[in-house]
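Student: Return a 3D structure for these sequence lines:
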Amino acid sequence: MKQYAVVIERGEKGGYGAYIPDLPGCVAVAKTEAEVRTLIREAMLLHLRSMREDGDPIPEPSTQVDYVSLAS
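Tutor: Take a look at the predicted model:
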């Protein structure tokens, strides 16, 4: 099964947004982090289903995620 990187961001006024860089247009917004995690998974499944139905190619996951420390 393919695994896509998901970016989750906290909004300035609270709430959370999420998107999948390898699936442009696949986004979710919610009040809590837990809820946005659930919604982005559902959005991904719907996005991929729509792409298949339209005959669009499904992109391979290519985004890499890492954390960089400020400590030396």
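Student: Would you double-check that residue 35 falls in a helix?
Tutor: Yes: applying DSSP: H, G, I helix; E, B strand; the rest coil, one finds residue 35 inside a helix.
Student: what residues are up against it?
Tutor: Shown in contact with residue 35 (C-beta atoms under 8 Å, 6 or more residues apart in numbering): residue 16. Every C-beta, even on glycine, is put in place using the N, C-alpha and C of the backbone.
Student: how about 7 Å then?
Tutor: Residue 35 makes no contacts at all, as judged by C-beta atoms under 7 Å, 6 or more residues apart in numbering.
Student: Repeat that for the one 10 residues further on.
Tutor: Applying C-beta under 7 Å, 6+ apart, one finds that residue 45 lies in contact with no residue.
Student: Next, work out how far apart it and residue 52 are.
Tutor: 11 Å (C-beta to C-beta, to the nearest Å).
Student: Can you list the residue ranges for helices in the protein?
Tutor: 33-54 (DSSP state H).
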